[in-house]
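In: the following block contains a protein sequence and its predicted model.
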Amino acid sequence: MTTPHKRPTRASAKREADTPSPRSKSSPRKPRPPSPRQSILARTNPLPIIQAYAAAVITYLTSCVYLYGLIFSNWLNAKTGTQTKPYSALKNKIVIIGDDHAFGYGDDLSVAGTSGIAGHLRRALLGERYNLRQSWVIHNRGAMGTTSEDWLPKNAKAPNAGRTKFEAVFEDPTYADADVVIVFLGSNDYRNPTLDPESTVRNIAATCRTLSTMGKDVWICTIPNHNDEPKGDAVVEANMRRNEILGLWIQSNQEIVKPGPPLDALSYDFRHKSFWTSDGQHFSAKGYRKLAKDLADLMRTSLVKREFARLSKSVKF
């Protein structure tokens, strides 16, 4: 005999609803919604803002310390330079002029030695493969943020123009008798709207031509324009045009200048990101080392000839 099904009463249904159902161990616990007080604190918590501001301040201060440390290092070694063989009686001079890449921005900071291409070139020239017997004193006279116009010689600038970097360097007896000058110019010209590509090359040509008439071996590199895209299409096109004109001028004036390593974006030698700092605009320490080695390879024969000429002058018959 079957027991008739009992319909649940209203009271029993209420008891079943109030009784919590057993939760399995695998079922997740529902998150508890935040209280109104917690929601207000989350919206008004100043800690993330303070942390972001502190990080920005630290980054700025670190950049300032690095830049002024680099300036101090270059100032400290400006007159003495860095030498390959300090005890050699016969000394020759190399002077590096130009913008950020001559100055050495992006290289490791070193108060004990000269930063930038100067320090790395000294270490490269010490190699036995270059067969250099005399001392080479290398001076870094680059200046951050300068343009090709800032390095114009007196005979190429406007009559009412002020004293340029060229005059400040080569009217100083320490650098006036340099045997070799390495030029890095043009990478900052895009910031000056009056300097179109033709003006840039015209200024560089005037500087190199004057140095050549002063009896110096002049080495000129194309303009580093890797990673120009963030600056806009106009800058990319202008710098490509600068390098195009500059390359043609170098090829047709090799009695005045000697071509250094190609540094423009069309050259594959410096495309690897490890050769550049995080901003993509300046050489890293690794980039300066490679540039110094490439320069030393190209300059080897010319430097040996300079040493022979100095030795010939020093010999008394």
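Out: Nice, thanks for sending it over.
In: low-confidence stretches in the stretch 101-250 of the chain?
Out: The stretch 101-250 of the chain contains residues with pLDDT under 70 at 111-113.
In: would you map the strands across it?
Out: 135-140, 180-184, 217-220 (DSSP state E, counting those that start in this stretch).
In: any chance of the ones you listed in JSON lines, plus mean neighbour count and distance to Gly162?
Out: Bear in mind the C-beta positions are built from the backbone N, C-alpha and C, glycine included. JSON lines is the format used below for these (neighbours: other CB atoms under 10 Å; distance: least, CB to CB, whole Å):
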{"stretch": "strand 135-140", "mean neighbour count": "24", "distance to Gly162": "23"}
{"stretch": "strand 180-184", "mean neighbour count": "25", "distance to Gly162": "21"}
{"stretch": "strand 217-220", "mean neighbour count": "22", "distance to Gly162": "24"}
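In: export those strands to a markdown table and tack on distance to Ile71?
Out: Shown next, in a markdown table, are these (distance: least, CB to CB, whole Å):
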| stretch | distance to Ile71 |
| --- | --- |
| strand 135-140 | 11 |
| strand 180-184 | 17 |
| strand 217-220 | 25 |
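In: wait, which of those is closest to Asn227?
Out: Proximity to Asn227 (CB to CB) singles out strand 180-184 among the strands of the stretch 101-250 of the chain, at 16.9 Å.
In: got the angle for the closest one vs strand 135-140?
Out: 30 degrees (axes from the mean of the first three to the mean of the last three CA atoms, to 10 degrees).
In: pairing partners for strand 180-184, with directions?
Out: strand 91-98 (parallel), strand 217-220 (parallel) (DSSP bridges).
In: between those, which one is nearest to Tyr175?
Out: strand 91-98 (5.0 Å).
In: which residue comes closest to the residue most central in space within the chain once chain neighbours are left out?
Out: Centroid-nearest residue in the chain, with CA atoms, centre = their mean: His282, separated by 1.9 Å. Leaving out its chain neighbours, the residue that sits closest to His282 by CB to CB, 6 or more residues apart in numbering is Gly106, at 3.5 Å.
In: so that neighbour makes contact with Ser278?
Out: No: the pair Gly106 / Ser278 is not scored as a contact, 9.3 Å apart, by CB atoms under 8 Å.
In: between these two, tell me which one has more neighbours.
Out: Gly106 (24 against 9; other CB atoms under 10 Å).
In: how about that one, what does it touch?
Out: 100, 276-277, 282-285, 287-288 (CB atoms under 8 Å, 6 or more residues apart in numbering).
In: for it, what are phi and psi?
Out: Per-residue torsions, Gly106: phi 110, psi -20 (degrees, to the nearest 10).
In: same deal with Phe72?
Out: Taking degrees, to the nearest 10 as the convention, Phe72 sits at phi -60, psi -40.
In: circling back to that earlier point, pipe the strands paired with strand 180-184 into JSON lines and attach distance to Asp264 per row.
Out: Output for the strands paired with strand 180-184, formatted as JSON lines (distance: least, CB to CB, whole Å):
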{"stretch": "strand 91-98", "distance to Asp264": "15"}
{"stretch": "strand 217-220", "distance to Asp264": "12"}
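In: nearest to Thr59, out of those?
Out: Here strand 91-98 is closest among these (CB to CB), at 27.2 Å.
In: picking up where we left off before, write the ChimeraX selection for whichever of the contacts of Gly106 are buried.
Out: Selection of the buried residues among the contacts of Gly106 in ChimeraX, burial being defined by 16 or more other CB atoms under 10 Å:
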select :100,276,282,283,284,285,287,288
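In: tabulate the contacts of Gly106 in CSV, adding columns for distance to Val169 and pLDDT.
Out: Below are the contacts of Gly106 laid out as CSV (distance: CB to CB, whole Å; pLDDT from 0 to 100):
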residue, distance to Val169, pLDDT
Asp100, 16, 93
Trp276, 27, 92
Thr277, 26, 90
His282, 22, 91
Phe283, 22, 93
Ser284, 26, 93
Ala285, 25, 92
Gly287, 24, 94
Tyr288, 21, 94
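In: mind exporting stretch 272-292 as CSV, just the C-alpha atoms?
Out: Provided in CSV are the C-alpha atoms of stretch 272-292 (Å, rounded to 0.1, in the frame of the first residue of the first chain):
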residue,chain,number,x,y,z
HIS,A,272,70.7,46.0,-33.5
LYS,A,273,68.8,47.5,-30.5
SER,A,274,71.7,46.7,-28.1
PHE,A,275,73.7,49.5,-29.9
TRP,A,276,71.2,52.1,-28.7
THR,A,277,69.9,53.4,-25.4
SER,A,278,66.3,53.0,-24.4
ASP,A,279,65.3,56.2,-26.2
GLY,A,280,66.6,54.8,-29.5
GLN,A,281,68.3,58.0,-30.3
HIS,A,282,71.8,57.7,-28.7
PHE,A,283,74.5,55.1,-28.8
SER,A,284,74.8,52.7,-25.8
ALA,A,285,78.1,51.7,-24.4
LYS,A,286,78.1,48.8,-26.7
GLY,A,287,77.3,51.0,-29.7
TYR,A,288,80.2,53.4,-28.8
ARG,A,289,82.6,50.4,-28.6
LYS,A,290,81.6,49.2,-32.0
LEU,A,291,81.8,52.6,-33.5
ALA,A,292,85.3,53.1,-32.0
